[in-house]
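> Following is a predicted model, sequence given first.
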Amino acid sequence: MQLATKAAGGDHAAMGRFLDWIDEIETRAAAVKPAQFPLSAPDLEVLRAIYDRMKQCEPEKPED
């Protein structure tokens, strides 16, 4: 709480430490939370292939 108060007060060092601390907490929380739709390596490969095919369908932009 003191770190957050100092950061809110404009202390740049405290702000850096506080943001690092928040990032660490969010990273740990994301690692524990399972994905809503887990994708395996073959799934990702298919999605990348579809994306590449879709990119080929984009119309060419006229050059000015």
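Yep, it's here. Residues are numbered from 1 along each chain as shown.
> max-length helix in this structure?
Taking DSSP state H as the criterion, the chain has its longest helix at helix 12-32.
> Mind giving me the packing neighbours of it?
helix 2-8 (3 or more C-beta pairs under 8 Å, 6 or more residues apart in numbering; DSSP states H and E). (Glycine included, C-beta is placed from N, CA and C.)
> What residues sit buried inside the helix it packs on?
Of all the residues in helix 2-8, those buried under the rule 16 or more other C-beta atoms under 10 Å are K6, A7.
> Can you tell me what sits against that helix?
Residues lying outside helix 2-8 but in contact with it, judged by C-beta atoms under 8 Å, 6 or more residues apart in numbering, are A14, M15, R17, F18, L19, W21.
> if we go to 10 Å?
The contact list for helix 2-8 (C-beta atoms under 10 Å, 6 or more residues apart in numbering) reads D11, H12, A13, A14, M15, G16, R17, F18, L19, W21, I22.
> Give me the buried subset of those residues.
For the contacts of helix 2-8, buried by 16+ other C-beta under 10 Å: A14, M15, F18.
> Roughly how far does the residue lying closest to the last one once chain neighbours are set aside sit from L19?
Right, the one you point to is F18. Using C-beta to C-beta, 6 or more residues apart in numbering and skipping residues adjacent in sequence, the residue nearest F18 is A7, 4.1 Å away. According to C-beta to C-beta, to the nearest Å, A7 stands 8 Å off from L19.
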